[in-house]
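A.B. asks: Can you look at this prediction? I've put the sequence above it.
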Amino acid sequence: MGTRTEGLLGKLICVLLSCLMVMAAASSRATIMGKVSNTKFHHHSERLRRNLLANGLGKSPPMGWNSWNHFWCDINEDIVKAAADALVSSGLSKLGYEYVNIDDCWGEQVRDENGNLQAKNATFPSGIKALADYVHSKGLKLGIYSSAGYYTCSKQMPGSLGYEEQDAKTFALWGVDYLKYDNCYTDGSKPMDRYPIMTRALMKAGRPIYYSLCEWGDMHPALWGFQVGNSWRTTGDITDTFESVMSRADANEVYADYARPGGWNDPDMLEVGNGGMTKDEYIIHFSLWAISKAPLLLGCDVRNLTKDTMDIIGNKEVIAINQDPLGVQAKKVRTDVEIWTAPLSGYRFAVLIVNRDQWPANVTTHLEDFGIPPKTSVTARDLWEHKTLETPLVGNLSANLDPHTCKMYLLQPIS
Ligand code: GLA
């Protein structure tokens, strides 16, 4: 190769290198810009969150009762009033169960001449305002139900699609405190487009109304629900079986990182007390909902509570785990014998060991797996036995579990 050619080649290499350097600089700038615009997006979403749903509700998961799991469409105002009375007389209201929520089938099939929803005359003759007044007089709150579609899921009454502002105003006028908003008979548009219309309507309605999104987890509402509502269903409808409970708990756990005060994952309402499971299975159900920071909405007939049911839903220590101000949802940290843990306020931890199998299980687990530093002594409070273990734990926690039973502990480091 002659010197001239070598010189040309050298120049070419120089030009290529400079090009590469410029491209690299541009690409790293693009990454930085990407980060900046992501951050911008983040700030923007935070603003949006405040703009869309600044109702200040749901600082801890809501607690109360809902008519659906036990009564389905067979409801009337006497049942709802009696449920409110029962929450008070049983002492449950003092434990935090405050919402009395009417589900589907409370309304007439058609709107009135002004396009307003109307309570079904045959079953709610006094109207929803009178019911709200009654429930409020007991120190409780009233919840109602509608759908982001043309009808509700029963198809027995109209939904709120296209009437969001009018219905939100009606609910506010009636003194409603909670709206469960379903996803049936829609126009085919996405929940992320339809649900915020009701958010805005509620914000304009002049009364803080807890907003519970019920689109069954179809479009991963945990990813956007916090901007729109106070909780979002992550699953299809629960039934009164152990399999249904466990599968809903599992599906809900996937989104644990998205729950926070003001916005909760909702694996559906409780079945405790409806008769389909053993007491131990209902204890697992209640413990899982509590540690998962799920809404604790009773779905049984609270007018007729057995001692077993009261032992479960009235367990103050387990309710305290659910209502802990840190508001962090539990995750599974082990799956052979299942262990769920959640950090709590005051450097404490909740631990739930579940034996979902048909045979007994012995488990020994390292406290380090829960984020407790090695050699830390912790007191362990058994939340179903209501006993503190005599010897503080260091390093390990062991338990023997019969089939379909659980153990739930509150661990507190000794300083
Ligand atoms: C849907 C909801 C249920 C209940 C019914 C009422 O299935 O997911 O929780 O509200 O509608 O029809």
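C.D. replies: Structure's in. What do you need?
A.B. asks: Which secondary structure state is assigned to Pro125?
C.D. replies: Following DSSP: H, G, I helix; E, B strand; the rest coil, Pro125 is assigned to coil.
A.B. asks: Please name the residues that touch it.
C.D. replies: By CB atoms under 8 Å, 6 or more residues apart in numbering, the residues touching Pro125 are Glu77, Ala119. Where C-beta positions appear, they are placed from N, C-alpha and C, glycine not excepted.
A.B. asks: Renumber starting at 54 from here on
C.D. replies: Let's use 54 as the start, then, which means that last one is Pro178.
A.B. asks: Tell me the spacing between it and the ligand.
C.D. replies: 22 Å (CB to the nearest ligand atom, to the nearest Å).
A.B. asks: now Trp277
C.D. replies: In terms of CB to the nearest ligand atom, Trp277 sits 19 Å off from the ligand.
A.B. asks: averaged over its residues, what pLDDT does the strand ranked longest in the chain have?
C.D. replies: Ranked by residue count under DSSP state E, the longest strand found in the chain is strand 458-466. Averaged over strand 458-466, pLDDT sits at 97.
A.B. asks: That one pairs with which strands?
C.D. replies: Take DSSP bridges as the rule and strand 458-466 pairs in its sheet with strand 402-408 (antiparallel), strand 430-435 (antiparallel).
A.B. asks: Buried residues in it, which are they?
C.D. replies: Thr458, Cys459, Lys460, Met461, Tyr462, Leu463, Leu464, Gln465, Pro466 (16 or more other CB atoms under 10 Å).
A.B. asks: chain center to it: distance?
C.D. replies: Strand 458-466 has its C-alpha centroid displaced from the chain centroid by 22 Å (CA atoms, centre = their mean, to the nearest Å).
A.B. asks: quick one, strands of the stretch 54-203 of the chain?
C.D. replies: 116-119, 152-154, 194-200 (DSSP state E, counting those that start in this stretch).
A.B. asks: can you give me the mean pLDDT across the longest one?
C.D. replies: For strand 194-200, mean pLDDT rounds to 99.
A.B. asks: That one: how far from the chain's middle?
C.D. replies: Distance of strand 194-200 from the chain centroid (CA atoms, centre = their mean) equals 16 Å.
A.B. asks: Stretch 425-436 now?
C.D. replies: 28 Å.
A.B. asks: Identify all contacting residues around it.
C.D. replies: If you take CB under 8 Å, 6+ apart as the criterion, stretch 425-436 is touched by 340, 368, 370-371, 374, 402, 420-421, 440-442, 445-448, 450, 460-467.
A.B. asks: Please pick the buried ones from those.
C.D. replies: Looks like the contacts of stretch 425-436 have 340, 368, 371, 374, 402, 420, 446, 450, 460-466 buried, using 16+ other CB under 10 Å.
A.B. asks: for these, which one is nearest the ligand?
C.D. replies: Distance to the ligand across those (CB to the nearest ligand atom) is lowest for Ser340, with 21.8 Å.
A.B. asks: shaky segments in the protein?
C.D. replies: Regions of the chain meeting the criterion pLDDT under 70 cover residues 54-104.
A.B. asks: Which positions in it make contact with the ligand?
C.D. replies: Residues of the chain lying close to the ligand (CB under 6 Å from any ligand atom) are Trp121, Asp156, Asp157, Thr205, Cys206, Ser207, Asp235, Cys267, Trp269, Asp290.
A.B. asks: ok, and the closest non-adjacent residue to the second one?
C.D. replies: Beyond its immediate neighbours in the sequence, the residue positioned closest to Asp156 (CB to CB, 6 or more residues apart in numbering) is Trp121, lying 3.7 Å away.
A.B. asks: Asp321 is in contact with the one you found, correct?
C.D. replies: No: counting by CB atoms under 8 Å, Trp121 sits too far from Asp321 to count as a contact (9.5 Å).
A.B. asks: ok, back up a step: could you redo the buried residues of strand 458-466 as TSV and give each row distance to Gly316?
C.D. replies: Shown next, in TSV, are these (distance: CB to CB, whole Å):
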residue	distance to Gly316
Thr458	32
Cys459	27
Lys460	30
Met461	25
Tyr462	27
Leu463	25
Leu464	27
Gln465	28
Pro466	29
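A.B. asks: Return the member of those nearest to Ser142.
C.D. replies: Using CB to CB, Met461 comes nearest to Ser142 of the buried residues of strand 458-466, at 27.7 Å.
A.B. asks: Distance check, the closest residue to the ligand within the stretch 54-203 of the chain against Met330.
C.D. replies: Closest residue of the stretch 54-203 of the chain to the ligand, CB to the nearest ligand atom: Asp157 (3.5 Å). According to CB to CB, to the nearest Å, Asp157 and Met330 sit 24 Å apart.
A.B. asks: of those two, who's got more company?
C.D. replies: Comparing Asp157 with Met330 by neighbour count (other CB atoms under 10 Å), the higher total belongs to Asp157, at 23 against 20.
A.B. asks: Now for the residue lying closest to that one once chain neighbours are set aside: which residues touch it?
C.D. replies: In space, and not counting its chain neighbours, Asp157 is closest to Ser207: 4.6 Å by CB to CB, 6+ apart. If you count contacts by CB under 8 Å, 6+ apart, Ser207 has them with Cys126, Asp157, Cys158.
A.B. asks: check contacts around the last one.
C.D. replies: Read it as Cys158. Per CB under 8 Å, 6+ apart, neighbours of Cys158: Trp125, Cys126, Asp127, Ile128, Lys173, Thr205, Ser207, Gln209, Met210.
A.B. asks: excluding its backbone neighbours, what's nearest it?
C.D. replies: Using CB to CB, 6+ apart, the closest residue to Cys158 is Cys126 (3.8 Å).
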